[in-house]
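> what shape does this take:
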Amino acid sequence: MLYSYSFSNRKRDLSDIFSTVVAEEPRFISNFKTTCDAIHRKHEWLDDQLAGRAFNGTAANGVITVNAADVSKLKNGTLLTLRDDPALFAVEQVSGTAVKVKLAAANGSSLTADSLPVDASNYIIVSTPMAEGTFNGDGDETGSAGNVDWNSTQIFRKEIVLTGTALAMDFGSSADNLLNRQTAFALADLCRDLNRVALFGRRVEAAPGVRGEAGGLYCFATGDSALSINAESATLDSYIVNDAAQMVMGEGGEPSQILCSPGQARVLSHEYRDKLQILRSDDRRGAYVAVIVNEVNGRGLTIMADPDVPDTDAWIIDPAGFGIANLKNRAITDEDATPKGFDGIRRVALGELTFEFRNIRQRVCRISNLAKSAAALQALRG
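Now for the predicted structure:
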(Lines give C-alpha, C1' and ligand atoms only; values in the text may rest on other atoms or scores of the structure.)
Protein backbone atom coordinates (compact mmCIF):
# COMPACT_ATOMS: atom_id res chain seq x y z
CA MET A 1 0.00 0.00 0.00
CA LEU A 2 1.46 3.36 -1.04
CA TYR A 3 -0.47 5.42 1.52
CA SER A 4 -1.15 4.54 5.14
CA TYR A 5 -3.79 5.69 7.61
CA SER A 6 -4.81 4.59 11.09
CA PHE A 7 -7.56 2.12 10.07
CA SER A 8 -5.96 0.87 6.84
CA ASN A 9 -6.29 -2.81 7.76
CA ARG A 10 -9.50 -2.56 9.74
CA LYS A 11 -13.08 -3.30 8.82
CA ARG A 12 -15.33 -0.68 10.41
CA ASP A 13 -18.91 -1.26 11.48
CA LEU A 14 -20.87 1.78 10.27
CA SER A 15 -24.32 0.59 11.40
CA ASP A 16 -24.53 2.95 14.41
CA ILE A 17 -23.36 5.93 12.37
CA PHE A 18 -25.74 4.97 9.58
CA SER A 19 -28.69 4.67 12.00
CA THR A 20 -27.96 8.20 13.21
CA VAL A 21 -27.83 9.51 9.63
CA VAL A 22 -31.17 7.83 8.83
CA ALA A 23 -32.85 9.16 11.97
CA GLU A 24 -31.73 12.73 11.20
CA GLU A 25 -32.71 12.65 7.53
CA PRO A 26 -35.84 14.83 7.12
CA ARG A 27 -37.43 12.40 4.68
CA PHE A 28 -39.60 9.29 4.64
CA ILE A 29 -36.67 7.02 5.50
CA SER A 30 -36.42 8.57 8.98
CA ASN A 31 -39.58 6.63 9.93
CA PHE A 32 -37.67 3.34 9.73
CA LYS A 33 -36.08 2.01 12.92
CA THR A 34 -33.60 -0.85 12.98
CA THR A 35 -35.32 -4.15 13.84
CA CYS A 36 -34.00 -7.68 14.35
CA ASP A 37 -31.63 -9.02 11.71
CA ALA A 38 -32.90 -10.87 8.66
CA ILE A 39 -31.64 -14.46 8.47
CA HIS A 40 -32.54 -15.13 4.82
CA ARG A 41 -32.56 -13.10 1.63
CA LYS A 42 -36.35 -13.51 1.72
CA HIS A 43 -37.12 -11.76 4.99
CA GLU A 44 -40.49 -12.69 6.51
CA TRP A 45 -42.45 -11.22 9.41
CA LEU A 46 -45.74 -11.72 11.22
CA ASP A 47 -48.24 -8.88 11.00
CA ASP A 48 -49.63 -7.49 14.23
CA GLN A 49 -53.23 -8.16 15.14
CA LEU A 50 -54.80 -4.76 14.64
CA ALA A 51 -58.50 -4.47 15.28
CA GLY A 52 -60.16 -1.15 14.60
CA ARG A 53 -62.49 -0.02 17.36
CA ALA A 54 -65.27 0.70 14.89
CA PHE A 55 -67.29 -1.23 12.32
CA ASN A 56 -70.05 -0.78 9.76
CA GLY A 57 -73.36 -2.58 9.95
CA THR A 58 -77.00 -2.61 8.83
CA ALA A 59 -79.66 -2.77 11.52
CA ALA A 60 -83.18 -4.20 11.64
CA ASN A 61 -85.34 -5.05 14.68
CA GLY A 62 -82.49 -4.71 17.17
CA VAL A 63 -80.08 -6.88 15.16
CA ILE A 64 -77.00 -5.43 13.47
CA THR A 65 -75.54 -7.38 10.56
CA VAL A 66 -71.76 -6.90 10.36
CA ASN A 67 -68.94 -8.11 8.14
CA ALA A 68 -67.36 -11.43 9.03
CA ALA A 69 -64.03 -9.67 9.64
CA ASP A 70 -65.62 -7.49 12.36
CA VAL A 71 -67.33 -10.24 14.36
CA SER A 72 -64.19 -10.95 16.42
CA LYS A 73 -64.31 -7.39 17.79
CA LEU A 74 -67.62 -8.05 19.57
CA LYS A 75 -68.51 -10.15 22.60
CA ASN A 76 -71.56 -10.51 24.80
CA GLY A 77 -71.66 -7.35 26.91
CA THR A 78 -69.65 -5.17 24.53
CA LEU A 79 -70.84 -1.56 24.69
CA LEU A 80 -71.11 0.50 21.52
CA THR A 81 -72.56 3.71 20.16
CA LEU A 82 -73.66 4.90 16.75
CA ARG A 83 -71.31 7.59 15.46
CA ASP A 84 -72.66 11.09 16.16
CA ASP A 85 -75.28 9.83 18.62
CA PRO A 86 -74.84 9.47 22.42
CA ALA A 87 -77.11 6.43 22.91
CA LEU A 88 -75.22 3.48 24.41
CA PHE A 89 -76.05 -0.09 23.34
CA ALA A 90 -74.97 -3.45 24.77
CA VAL A 91 -74.42 -6.64 22.77
CA GLU A 92 -76.77 -9.38 23.97
CA GLN A 93 -75.83 -12.14 21.56
CA VAL A 94 -73.45 -12.76 18.66
CA SER A 95 -74.64 -15.37 16.18
CA GLY A 96 -72.57 -15.59 13.02
CA THR A 97 -72.61 -12.09 11.55
CA ALA A 98 -75.84 -11.15 13.37
CA VAL A 99 -75.34 -9.08 16.52
CA LYS A 100 -78.38 -8.59 18.77
CA VAL A 101 -78.21 -5.38 20.83
CA LYS A 102 -80.30 -3.64 23.48
CA LEU A 103 -80.38 -0.04 24.66
CA ALA A 104 -78.11 0.31 27.71
CA ALA A 105 -78.41 4.07 28.24
CA ALA A 106 -80.29 6.69 26.22
CA ASN A 107 -77.91 9.49 27.25
CA GLY A 108 -80.43 12.03 26.00
CA SER A 109 -80.93 10.33 22.63
CA SER A 110 -84.24 9.27 21.13
CA LEU A 111 -82.69 6.16 19.55
CA THR A 112 -83.66 2.66 20.65
CA ALA A 113 -82.40 -0.72 19.49
CA ASP A 114 -85.41 -1.03 17.19
CA SER A 115 -84.92 2.44 15.69
CA LEU A 116 -81.29 2.08 14.61
CA PRO A 117 -80.78 3.24 11.01
CA VAL A 118 -81.33 0.51 8.45
CA ASP A 119 -78.63 1.83 6.12
CA ALA A 120 -74.99 0.91 6.66
CA SER A 121 -73.79 2.99 9.59
CA ASN A 122 -70.58 3.38 11.54
CA TYR A 123 -70.57 2.04 15.09
CA ILE A 124 -67.92 2.84 17.71
CA ILE A 125 -66.89 0.24 20.27
CA VAL A 126 -66.80 1.80 23.74
CA SER A 127 -65.52 -1.12 25.82
CA THR A 128 -66.25 -4.66 26.97
CA PRO A 129 -66.81 -4.64 30.77
CA MET A 130 -65.46 -7.76 32.46
CA ALA A 131 -67.08 -9.73 35.28
CA GLU A 132 -65.13 -10.83 38.34
CA GLY A 133 -63.19 -14.06 37.98
CA THR A 134 -62.73 -14.00 34.22
CA PHE A 135 -61.02 -16.80 32.29
CA ASN A 136 -58.49 -16.84 29.49
CA GLY A 137 -60.13 -15.74 26.25
CA ASP A 138 -62.74 -13.49 27.87
CA GLY A 139 -60.86 -10.28 27.09
CA ASP A 140 -60.14 -8.43 23.86
CA GLU A 141 -57.36 -10.24 22.06
CA THR A 142 -54.24 -8.66 20.63
CA GLY A 143 -50.96 -10.15 19.48
CA SER A 144 -49.42 -11.42 16.27
CA ALA A 145 -51.86 -12.24 13.52
CA GLY A 146 -51.42 -15.28 11.33
CA ASN A 147 -50.64 -13.17 8.26
CA VAL A 148 -47.07 -13.52 7.01
CA ASP A 149 -45.54 -10.97 4.68
CA TRP A 150 -42.05 -10.67 3.25
CA ASN A 151 -39.56 -8.47 1.50
CA SER A 152 -36.30 -9.22 -0.28
CA THR A 153 -32.90 -8.02 0.88
CA GLN A 154 -30.98 -5.71 -1.43
CA ILE A 155 -27.22 -5.12 -1.60
CA PHE A 156 -25.99 -1.52 -1.45
CA ARG A 157 -22.42 -0.54 -2.27
CA LYS A 158 -20.62 2.82 -2.21
CA GLU A 159 -17.02 3.39 -3.33
CA ILE A 160 -14.87 5.85 -1.37
CA VAL A 161 -11.83 7.03 -3.34
CA LEU A 162 -9.03 9.46 -2.44
CA THR A 163 -6.32 9.94 -5.09
CA GLY A 164 -2.67 10.39 -4.30
CA THR A 165 -2.88 13.98 -5.50
CA ALA A 166 -5.70 14.78 -3.05
CA LEU A 167 -3.73 13.18 -0.22
CA ALA A 168 -0.56 15.09 -1.15
CA MET A 169 -2.14 18.54 -1.06
CA ASP A 170 -1.79 20.08 2.40
CA PHE A 171 -5.06 21.67 3.51
CA GLY A 172 -4.60 20.86 7.16
CA SER A 173 -6.50 17.55 6.98
CA SER A 174 -5.02 14.13 7.62
CA ALA A 175 -5.85 11.06 5.54
CA ASP A 176 -8.09 9.87 8.42
CA ASN A 177 -10.10 13.09 8.39
CA LEU A 178 -10.42 13.08 4.61
CA LEU A 179 -11.62 9.48 4.60
CA ASN A 180 -14.12 10.10 7.41
CA ARG A 181 -15.47 13.09 5.52
CA GLN A 182 -15.91 11.10 2.31
CA THR A 183 -17.45 8.24 4.28
CA ALA A 184 -20.03 10.66 5.69
CA PHE A 185 -20.84 11.81 2.14
CA ALA A 186 -21.16 8.17 1.02
CA LEU A 187 -23.58 7.40 3.87
CA ALA A 188 -25.63 10.49 3.03
CA ASP A 189 -25.85 9.30 -0.60
CA LEU A 190 -26.81 5.83 0.60
CA CYS A 191 -29.51 7.33 2.81
CA ARG A 192 -31.02 9.18 -0.15
CA ASP A 193 -30.91 5.98 -2.21
CA LEU A 194 -32.65 4.10 0.58
CA ASN A 195 -35.33 6.79 0.79
CA ARG A 196 -36.23 6.26 -2.86
CA VAL A 197 -36.14 2.48 -2.54
CA ALA A 198 -38.39 2.73 0.55
CA LEU A 199 -40.85 4.69 -1.59
CA PHE A 200 -40.69 3.18 -5.07
CA GLY A 201 -38.75 -0.10 -4.81
CA ARG A 202 -40.18 -3.26 -6.35
CA ARG A 203 -40.04 -6.59 -4.52
CA VAL A 204 -37.84 -9.11 -6.34
CA GLU A 205 -36.67 -12.26 -4.59
CA ALA A 206 -33.01 -13.05 -5.20
CA ALA A 207 -32.26 -16.15 -7.28
CA PRO A 208 -29.39 -17.40 -9.45
CA GLY A 209 -28.86 -14.65 -12.02
CA VAL A 210 -31.53 -12.41 -10.38
CA ARG A 211 -30.59 -9.53 -8.13
CA GLY A 212 -32.64 -9.12 -4.98
CA GLU A 213 -34.61 -5.89 -4.78
CA ALA A 214 -36.43 -4.50 -1.75
CA GLY A 215 -40.04 -3.38 -2.20
CA GLY A 216 -41.19 0.03 -0.99
CA LEU A 217 -44.32 1.89 0.06
CA TYR A 218 -45.95 1.95 -3.38
CA CYS A 219 -45.26 -1.76 -3.79
CA PHE A 220 -46.91 -2.75 -0.50
CA ALA A 221 -49.63 -0.12 0.00
CA THR A 222 -51.34 0.13 -3.39
CA GLY A 223 -53.68 -2.20 -5.22
CA ASP A 224 -56.60 -4.31 -4.03
CA SER A 225 -57.67 -3.96 -0.37
CA ALA A 226 -55.30 -1.02 0.20
CA LEU A 227 -56.75 2.06 1.89
CA SER A 228 -57.05 4.92 -0.60
CA ILE A 229 -58.97 8.06 -1.47
CA ASN A 230 -59.26 9.43 -5.01
CA ALA A 231 -59.15 13.21 -4.67
CA GLU A 232 -60.40 13.66 -8.25
CA SER A 233 -58.16 16.71 -8.83
CA ALA A 234 -59.31 18.43 -5.62
CA THR A 235 -56.98 20.60 -3.55
CA LEU A 236 -55.38 18.97 -0.52
CA ASP A 237 -57.21 20.18 2.59
CA SER A 238 -58.12 19.11 6.11
CA TYR A 239 -61.32 17.39 4.95
CA ILE A 240 -59.45 14.91 2.76
CA VAL A 241 -56.75 14.47 5.41
CA ASN A 242 -59.27 13.70 8.14
CA ASP A 243 -61.23 11.32 5.90
CA ALA A 244 -58.02 9.36 5.28
CA ALA A 245 -57.07 9.48 8.98
CA GLN A 246 -60.50 8.13 9.87
CA MET A 247 -60.00 5.21 7.48
CA VAL A 248 -56.67 4.33 9.10
CA MET A 249 -58.16 4.58 12.60
CA GLY A 250 -61.08 2.41 11.53
CA GLU A 251 -58.59 -0.35 10.70
CA GLY A 252 -56.84 -0.04 14.06
CA GLY A 253 -53.95 2.24 13.07
CA GLU A 254 -52.90 5.45 14.82
CA PRO A 255 -52.17 8.02 12.08
CA SER A 256 -49.51 10.52 13.10
CA GLN A 257 -47.96 11.75 9.85
CA ILE A 258 -48.88 13.36 6.53
CA LEU A 259 -46.33 12.46 3.86
CA CYS A 260 -46.44 14.72 0.80
CA SER A 261 -44.36 16.88 -1.52
CA PRO A 262 -43.11 20.29 -0.31
CA GLY A 263 -45.63 21.98 -2.64
CA GLN A 264 -48.57 20.09 -1.14
CA ALA A 265 -47.28 20.92 2.35
CA ARG A 266 -47.56 24.60 1.42
CA VAL A 267 -51.07 24.04 0.03
CA LEU A 268 -52.22 22.39 3.25
CA SER A 269 -50.56 25.09 5.35
CA HIS A 270 -52.50 27.79 3.50
CA GLU A 271 -55.68 26.56 5.16
CA TYR A 272 -54.14 27.16 8.59
CA ARG A 273 -52.46 30.50 7.90
CA ASP A 274 -54.98 32.41 10.06
CA LYS A 275 -54.80 29.91 12.93
CA LEU A 276 -51.08 29.94 13.67
CA GLN A 277 -49.96 30.83 17.17
CA ILE A 278 -46.46 32.27 17.35
CA LEU A 279 -44.75 31.44 20.64
CA ARG A 280 -41.87 33.44 22.11
CA SER A 281 -39.85 30.23 22.34
CA ASP A 282 -40.08 29.60 18.58
CA ASP A 283 -36.69 29.96 16.94
CA ARG A 284 -37.52 28.66 13.46
CA ARG A 285 -39.98 29.50 10.73
CA GLY A 286 -40.76 27.61 7.56
CA ALA A 287 -42.79 27.63 4.39
CA TYR A 288 -45.37 25.28 5.84
CA VAL A 289 -46.99 24.30 9.13
CA ALA A 290 -45.15 21.40 10.79
CA VAL A 291 -48.05 19.90 12.78
CA ILE A 292 -51.82 20.04 12.37
CA VAL A 293 -54.51 18.56 14.61
CA ASN A 294 -56.19 15.32 13.59
CA GLU A 295 -59.84 16.22 14.07
CA VAL A 296 -60.79 12.54 14.38
CA ASN A 297 -58.87 11.87 17.61
CA GLY A 298 -57.44 15.29 18.54
CA ARG A 299 -53.81 14.22 18.19
CA GLY A 300 -51.21 15.92 16.08
CA LEU A 301 -50.36 14.94 12.51
CA THR A 302 -46.80 15.85 11.57
CA ILE A 303 -46.33 17.04 8.00
CA MET A 304 -43.29 15.46 6.35
CA ALA A 305 -42.47 17.28 3.13
CA ASP A 306 -40.38 14.87 1.06
CA PRO A 307 -39.34 16.07 -2.43
CA ASP A 308 -39.27 12.45 -3.65
CA VAL A 309 -43.05 12.01 -3.13
CA PRO A 310 -45.08 12.54 -6.33
CA ASP A 311 -46.76 15.94 -6.26
CA THR A 312 -50.28 14.58 -6.86
CA ASP A 313 -50.06 12.08 -3.97
CA ALA A 314 -50.21 12.37 -0.20
CA TRP A 315 -50.10 9.62 2.43
CA ILE A 316 -51.63 9.44 5.91
CA ILE A 317 -49.29 7.22 7.89
CA ASP A 318 -48.99 5.30 11.13
CA PRO A 319 -45.21 4.66 11.10
CA ALA A 320 -45.27 2.08 13.91
CA GLY A 321 -44.97 -0.80 11.43
CA PHE A 322 -41.88 0.45 9.55
CA GLY A 323 -38.45 -1.09 10.09
CA ILE A 324 -35.03 -1.74 8.54
CA ALA A 325 -33.71 -5.30 8.84
CA ASN A 326 -30.03 -5.91 8.10
CA LEU A 327 -29.11 -9.33 6.80
CA LYS A 328 -27.27 -11.12 9.61
CA ASN A 329 -23.59 -10.13 9.67
CA ARG A 330 -24.20 -7.91 6.61
CA ALA A 331 -24.91 -4.53 8.22
CA ILE A 332 -23.25 -1.51 6.62
CA THR A 333 -19.46 -1.72 6.98
CA ASP A 334 -16.49 -0.23 5.20
CA GLU A 335 -13.13 -1.85 4.53
CA ASP A 336 -10.01 -1.27 2.52
CA ALA A 337 -10.27 -2.09 -1.20
CA THR A 338 -7.07 -0.45 -2.48
CA PRO A 339 -5.60 -2.58 -5.30
CA LYS A 340 -1.87 -3.11 -5.46
CA GLY A 341 -0.14 -0.18 -7.12
CA PHE A 342 -3.18 2.13 -6.98
CA ASP A 343 -2.16 5.77 -6.57
CA GLY A 344 -4.42 6.59 -3.66
CA ILE A 345 -6.80 4.92 -1.23
CA ARG A 346 -10.00 3.04 -1.98
CA ARG A 347 -12.52 1.86 0.60
CA VAL A 348 -15.88 0.21 0.06
CA ALA A 349 -19.02 0.76 2.13
CA LEU A 350 -21.12 -2.37 1.68
CA GLY A 351 -24.24 -3.81 3.26
CA GLU A 352 -27.39 -5.85 2.63
CA LEU A 353 -30.75 -4.97 4.12
CA THR A 354 -34.48 -4.76 3.52
CA PHE A 355 -37.56 -2.90 4.76
CA GLU A 356 -40.42 -4.13 6.94
CA PHE A 357 -43.97 -2.88 6.35
CA ARG A 358 -46.06 -4.49 9.09
CA ASN A 359 -49.84 -4.20 8.61
CA ILE A 360 -49.18 -1.74 5.82
CA ARG A 361 -52.73 -1.96 4.44
CA GLN A 362 -54.11 -0.95 7.83
CA ARG A 363 -51.56 1.67 8.79
CA VAL A 364 -51.42 3.89 5.70
CA CYS A 365 -53.93 5.51 3.36
CA ARG A 366 -53.00 6.95 -0.02
CA ILE A 367 -54.62 10.17 -1.27
CA SER A 368 -54.17 10.14 -5.05
CA ASN A 369 -55.03 12.41 -7.99
CA LEU A 370 -54.62 15.66 -6.07
CA ALA A 371 -54.51 18.95 -7.93
CA LYS A 372 -50.90 19.83 -8.69
CA SER A 373 -49.50 22.03 -5.97
CA ALA A 374 -48.36 24.81 -8.33
CA ALA A 375 -51.87 25.19 -9.75
CA ALA A 376 -53.45 24.94 -6.29
CA LEU A 377 -51.11 27.59 -4.85
CA GLN A 378 -51.79 29.89 -7.78
CA ALA A 379 -55.54 29.53 -7.28
CA LEU A 380 -55.21 30.15 -3.53
CA ARG A 381 -53.02 33.17 -4.14
CA GLY A 382 -55.49 34.59 -6.62
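
> wait, Val367 sits on Asp313?
Careful, residue 367 is Ile and not Val. Yes: the criterion here is C-beta atoms under 8 Å, and Ile367 meets it with Asp313 at 6.7 Å. For every residue, glycine as well, the C-beta is placed using N, CA and C.

> out of those two, which sits in the busier spot?
Ile367 (25 against 18; other C-beta atoms under 10 Å).

> wait, what's in contact with that one?
By C-beta atoms under 8 Å, 6 or more residues apart in numbering, the contact set of Ile367 is 228-229, 231, 236, 240-241, 244, 313-316.

> which single one of those is nearest to Ala375?
Among the contacts of Ile367, Leu236 lies closest to Ala375 (C-beta to C-beta), at 11.8 Å.

> which of the contacts of Ile367 sit farthest apart?
So for the contacts of Ile367, where distance means C-beta to C-beta, the most widely separated pair is Ser228 and Leu236, at 14.6 Å.

> looking at these two, which one has more neighbours?
Leu236 (27 against 18).

> so the more buried one makes contact with Ala376?
Yes: using C-beta under 8 Å, Leu236 makes contact with Ala376 at a distance of 7.2 Å.

> overlap in contacts, these two.
264, 267, 370.

> how deep is the nearest residue to Arg53 once chain neighbours are set aside tucked in, by neighbour count?
With C-beta to C-beta, 6 or more residues apart in numbering as the criterion, Arg53 has its nearest non-adjacent residue at 4.6 Å, and that residue is Ile125. Using other C-beta under 10 Å, Ile125 is surrounded by 19 other residues.

> tell me what Ile125 is bridged to.
Leu80 (DSSP bridges).

> thought it was touching Gly77?
No: using C-beta under 8 Å, Ile125 makes no contact with Gly77, being 11.7 Å away.

> quick one: the residue nearest to Arg53 from Asn107, how far?
In this view, Ile125 and Asn107 are 16 Å apart by C-beta to C-beta, to the nearest Å.

> what's the answer for Gln378, then?
48 Å.

> next one: phi and psi at Met130?
The phi/psi pair for Met130 (degrees, to the nearest 10) reads phi -100, psi 140.

> which pLDDT value goes with it?
You'll see Met130 listed with a pLDDT of 84.

> what's the distance between it and Thr97?
For Met130 relative to Thr97 (C-beta to C-beta), the value is 24 Å.

> isn't Asn67 up against Phe55?
Yes: at 7.1 Å, Asn67 and Phe55 qualify as touching, with contact defined as C-beta under 8 Å.

> which of these two has more neighbours?
Phe55 (22 against 10).

> once you drop chain neighbours, what's closest to that one?
Spatial nearest neighbour of Phe55, excluding adjacent residues (C-beta to C-beta, 6+ apart): Asp70 at 3.9 Å.

> name all residues that make contact with the one you found.
Here Asp70 is in contact with 55-57 (criterion: C-beta under 8 Å, 6+ apart).

> likewise Lys11?
Contacts of Lys11 by C-beta under 8 Å, 6+ apart are 333-335.

> do the same with Val126
In this structure, Val126 makes contact with 78-81, 88, judged by C-beta under 8 Å, 6+ apart.

> quick check, pLDDT for it.
88.

> what's the separation between it and Thr112?
17 Å.

> low-confidence ranges, this structure, go.
1-9, 49, 51-52, 120, 137-146, 170-173, 272-298, 382 (pLDDT under 70).

> for the top helix by length along it, packing partners?
Ranked by residue count, the top helix of the chain under DSSP state H comes out as helix 175-200. Packed against helix 175-200 by the contact rule (3 or more C-beta pairs under 8 Å, 6 or more residues apart in numbering; DSSP states H and E) you find helix 15-24, strand 154-163, helix 164-168, helix 217-220, strand 344-357.
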